[in-house]
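A.B. asks: return atomic coordinates for the entry below.
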Amino acid sequence: MRTGEPLPALGDVLAALDTGLWHWDTAAGLVTVDAVAARLLGLPAAPVTLTEAQVRARLHPVDWNEITGVVQLAVAEGTLAEVRIRIMDDRKRVVRVVRSRSKPSFDRVRKAYVLTGTLQEVAEPRPGTPAGRSAVTGDWRRSREAFLLDAGRALAEARSTQEVLRVAANLSMPGFSPDGLAVFGVEGDRLTIIGHHGHEPGSDHPFTYMPLDTDYPAAEVVRTGRAVYLSSPERYKARYPLTWPLAQRFGRQSWAFLPLTASGRTMGAWLAAFSYPVAFTPDERSVLTTVARMLAQALSRAGTAESERALSEGLQRTMLPKLGSGIPGMSLAARYVPTGGGLQVGGDWYDVIPLPAGRFALVIGDVQGHDVRAAGLMGQLRIALRAYASEGHRPDAVLSRASRFLHGIGEADPAELRFATCLYVEVDPVSGVLEAARAGHPEPVIRMADGTVLARPTAGGPPLGVAPDADYPTTRFVLESGETMLICTDGLIETGGHDLETGWQRLRALLEEHKGDQEELADTLVQAVHGPSSHHTTGPLADRREDDIALMLLSREGEGCGCGAGTDATAPPMRRTALTVAQAEPERVSVARQQLRELLHDWSSPDQVDSAVLLLSEMLTNVLVHTDTDALLLAEVTEGWDGRRLRVEVTDAGDDLPHVRRPGELASSGRGLVLIELLAHTWGVAPRGTGKSIWFELYETEGAGPG
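C.D. replies: Residues are numbered from 1 along each chain as shown. Sure, this is the predicted structure:
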């Protein structure tokens with residue numbers, strides 16, 4: 001063509017280059033092609049307008065599905081949409097491969113895509129070449145989908161920002177993988193480096209706190225929300241000449257900067273750098289864009305979780321007390337473990353309240369619910385209990401006042417009415433006397449010096465806040481030398497699908513077998529519920545219900561307590577339990593039987609255990625039937641030179657002394673002392689001034705006892 005001649009028509013140029021033109025309007029569902037494009041599609045070489053279904057029938061089904069994703073990606077990034085397409089004949093055989101290039105736009109009014117592009121036949125790519133990587137094949141598509149599924153699963157399971165960055169650094173993308181990664185965040189009007197991989201330590205200093213208006217790809221991505229792809233050092237230098245020297249020293253050949261967008265907000269940028277040239281085909285861009293979206297969601301979740309953990313830890317630190325040291329003759333350990341969900345704040349708490357004359361009180365409780373409201377009520381209730389205890393009230397009065405206080409809060413807003421369980425224990429460290437009042441809470445558990453575990457029956461009333469005038473009777477018992485008391489919330493018992501019975505069986509075994517100190521015992525109890533071993537001790541319930549856990553361990557120094565102090569090694573170890581059975585509470589006879597069985601859990605003769613339980617039942621029943629007084633049970637197991645001995649004593653305030661009778665066959669009573677005489681090794685009746693006591697002894701070793 002000579003200078004000055006007019007340019008040939010566009011159609012003639014494209015026809016000479018064997019390039020066809022096409023136009024696609026997704027709202028109308030019609031595709032218009034010229035003669036060359038029609039021939040490439042396997043149709044007669046003439047301009048024609050086709051439906052989407054007619055075009056789709058000529059394309060490989062995998063490639064048709066790929067076109068939609070490439071178009072959406074190109075519109076989002078404002079780039080060309082390029083894709084390789086396999087043309088099929090009527091027998092579903094591939095007759096040629098064509099390359100389509102178009103500039104798509106999105107019509108927001110009609111909510112449709114409009115595309116005008118070219119179609120040109122290309123040779124089949126050779127495996128391993130960049131063109132081969134860009135070809136849309138079924139195998140490549142399957143490997144890409146498998147990679148994205150694995151990447152999505154790994155990022156979804158990450159629980160912290162560092163875990164997310166570690167997962168991102170180990171991603172192996174199909175056909176191409178970056179060897180340098182960096183995640184940028186935003187603080188005010190500056191970039192920050194959240195983390196990086198594949199770079200030398202300290203190499204991020206020039207990029208830290210870089211202003212967002214800097215001529216740097218990551219800053220531009222954050223400003224515009226659009227990805228930047230730089231396939232060669234020349235393109236990087238031409239587009240960002242001011243910051244090219246900062247990137248040049250890393251020796252990379254290609255870079256992809258993608259926005260990290262979550263909930264419609266650009267929260268940062270992700271850099272993927274390659275040490276070899278990458279063309280950034282539509283398929284490669286699609287993979288990078290999908291990973292960037294998943295990475296942004298994972299970082300957003302991790303950031304939210306870390307903020308919630310910091311909030312909950314700060315809240316709990318202000319609400320849970322510091323355990324003081326220097327309690328004479330005693331030691332104390334405590335644990336609080338929030339459940340895994342939500343803000344990790346709830347209504348469980350514990351407290352240590354100093355009282356006059358060297359005494360102190362232990363408080364543990366659980367406000368109904370697991371939310372911020374429960375945590376707020378917990379804080380108010382804890383302060384109220386401290387105030388009532390500091391005024392010098394007894395345990396029953398402290399809980400009664402606290403119940404009225406919580407009920408009054410609920411009356412102000414009935415929709416937010418809550419109740420709380422609570423256990424209040426006043427401790428005299430000198431004598432070891434404990435006075436406990438219970439409001440719907442699990443009973444305390446005693447671990448004796450030899451490892452025997454007994455649940456200590458404690459009188460109680462309804463949960464706090466249920467009834468404003470409820471009574472909370474006080475139970476008094478003694479923590480002997482070498483014994484440890486466990487008090488806890490129901491989360492320690494029931495978490496893992498357990499009920500109260502199976503949960504206590506799990507904890508009892510741990511308490512009986514533990515050989516370490518007090519702090520190790522607290523950790524062991526928590527580990528059994530929340531550690532890996534908890535999955536092997538699931539309960540009978542279908543769900544694995546999670547709940548907050550609060551526990552306290554109070555030990556009285558002595559052999560076996562695990563608190564680091566000992567007593568006279570020659571003193572015989574002793575197990576002891578005491579229980580009152582009132583006239584108005586005959587059901588406590590069964591509690592007494594259970595206490596005795598637990599006391600004799602390792603007794604060598606099951607027959608003797610059955611005999612002891614039978615005799616105890618007879619003695620308590622006689623007091624309830626033949627007197628109008630209450631019965632006091634005291635059972636002890638002692639270690640003598642000739643073996644262990646059990647002594648059971650029942651005391652009442654009645655004046656009549658029992659005596660052995662010989663009832664006839666039809667008599668309905670009078671056999672109690674006969675049974676004692678037959679089954680016990682020795683027994684007796686002793687006057688007590690006002691009242692009497694009847695006792696019996698059993699020896700584990702036959703022939704033991706007084707000579």
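
A.B. asks: got any ranges where the stretch 201-350 of the chain has weak pLDDT?
C.D. replies: For the stretch 201-350 of the chain, residues meeting the criterion pLDDT under 70 lie at 201-204, 311-326, 339-346.

A.B. asks: run the last query once more with 50
C.D. replies: Low-confidence segments of the stretch 201-350 of the chain (pLDDT under 50): 341-342.

A.B. asks: and what of the stretch 451-600 of the chain?
C.D. replies: The low-confidence ranges in the stretch 451-600 of the chain, as defined by pLDDT under 50, are 566-571.

A.B. asks: got the residue ranges for the strands in it?
C.D. replies: Counting by DSSP state E, counting those that start in this stretch, the stretch 451-600 of the chain has strands at residues 453-455, 460-461, 474-478, 484-488, 549-556, 574-581.

A.B. asks: make JSON lines from those strands and add distance to Val623 and mean neighbour count to it.
C.D. replies: C-beta: built from backbone N, CA, C; applies to glycine. Shown next, in JSON lines, are the strands of the stretch 451-600 of the chain (distance: least, CB to CB, whole Å; neighbours: other CB atoms under 10 Å):
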{"stretch": "strand 453-455", "distance to Val623": "22", "mean neighbour count": "19"}
{"stretch": "strand 460-461", "distance to Val623": "24", "mean neighbour count": "21"}
{"stretch": "strand 474-478", "distance to Val623": "19", "mean neighbour count": "18"}
{"stretch": "strand 484-488", "distance to Val623": "29", "mean neighbour count": "25"}
{"stretch": "strand 549-556", "distance to Val623": "31", "mean neighbour count": "25"}
{"stretch": "strand 574-581", "distance to Val623": "8", "mean neighbour count": "19"}
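
A.B. asks: what does stretch 60-77 contact?
C.D. replies: 56, 80-88, 94, 100, 102-106, 113, 115, 136-138, 141, 226-227, 282-283, 285-286, 289 (CB atoms under 8 Å, 6 or more residues apart in numbering).

A.B. asks: in PyMOL, select just the buried ones from the residues you listed.
C.D. replies: Applying 16 or more other CB atoms under 10 Å to the contacts of stretch 60-77, the buried members can be selected in PyMOL as follows:
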select buried, resi 56+81+82+83+84+85+86+87+88+100+102+104+113+115+136+137+141+227+282+283+285+286+289
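
A.B. asks: hang on, the earlier thing: now the strands of the stretch 451-600 of the chain as JSON lines including distance to Ala16?
C.D. replies: Formatted as JSON lines, the strands of the stretch 451-600 of the chain follow (distance: least, CB to CB, whole Å):
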{"stretch": "strand 453-455", "distance to Ala16": "95"}
{"stretch": "strand 460-461", "distance to Ala16": "97"}
{"stretch": "strand 474-478", "distance to Ala16": "103"}
{"stretch": "strand 484-488", "distance to Ala16": "87"}
{"stretch": "strand 549-556", "distance to Ala16": "80"}
{"stretch": "strand 574-581", "distance to Ala16": "105"}
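
A.B. asks: which one of those strands lies nearest to Gly369?
C.D. replies: Of all those, strand 549-556 sits nearest to Gly369, with 14.9 Å by CB to CB.

A.B. asks: so in that sheet, which strands flank the closest one, and in what orientation?
C.D. replies: Sheet pairing of strand 549-556 (DSSP bridges) gives strand 330-337 (antiparallel), strand 484-488 (antiparallel).

A.B. asks: in TSV, list those along with distance to Gln505.
C.D. replies: Shown next, in TSV, are the strands paired with strand 549-556 (distance: least, CB to CB, whole Å):
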stretch	distance to Gln505
strand 330-337	21
strand 484-488	15
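
A.B. asks: quick one: closest of these to Phe274.
C.D. replies: strand 330-337 (45.3 Å).

A.B. asks: in the stretch 151-300 of the chain, which spans are helices?
C.D. replies: Shown for the stretch 151-300 of the chain, the helices assigned by DSSP state H, counting those that start in this stretch span residues 161-169, 217-224, 233-239, 244-248, 282-319.

A.B. asks: in the second one, what counts as buried?
C.D. replies: Read it as helix 217-224. Pro217, Ala218, Ala219, Glu220, Val221, Val222.

A.B. asks: can I assume the last one is in contact with Thr266?
C.D. replies: The reference is to Val222. Yes - counting by CB atoms under 8 Å, Val222 does reach Thr266; the two are 5.7 Å apart.

A.B. asks: overlap of the contact sets of those two?
C.D. replies: Counting by CB under 8 Å, 6+ apart, the residues touching both Val222 and Thr266 are Val186, Pro259.

A.B. asks: and stretch 435-445, how far apart are its ends?
C.D. replies: 14 Å (CA to CA, to the nearest Å).

A.B. asks: now do that stretch: distance to the chain's middle.
C.D. replies: 28 Å (CA atoms, centre = their mean, to the nearest Å).

A.B. asks: also stretch 448-458?
C.D. replies: 31 Å.

A.B. asks: please apply the same query to stretch 438-450.
C.D. replies: 27 Å.

A.B. asks: repeat that for stretch 34-49.
C.D. replies: Relative to the centre of its chain, stretch 34-49 is centred 62 Å away, using CA atoms, centre = their mean.

A.B. asks: for it, C-alpha coordinates in CSV please.
C.D. replies: In CSV, the C-alpha atoms belonging to stretch 34-49 read as follows (Å, rounded to 0.1, in the frame of the first residue of the first chain):
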residue,chain,number,x,y,z
ASP,A,34,-19.8,-12.7,10.4
ALA,A,35,-18.9,-15.2,7.6
VAL,A,36,-15.4,-16.0,8.9
ALA,A,37,-16.7,-16.6,12.5
ALA,A,38,-19.5,-18.8,11.2
ARG,A,39,-17.0,-20.9,9.2
LEU,A,40,-14.9,-21.3,12.3
LEU,A,41,-17.9,-22.5,14.2
GLY,A,42,-18.5,-25.2,11.6
LEU,A,43,-21.4,-23.4,9.9
PRO,A,44,-21.8,-22.2,6.3
ALA,A,45,-19.6,-19.1,5.6
ALA,A,46,-22.2,-16.5,5.8
PRO,A,47,-23.3,-13.8,8.3
VAL,A,48,-25.9,-15.2,10.7
THR,A,49,-27.6,-14.5,14.0
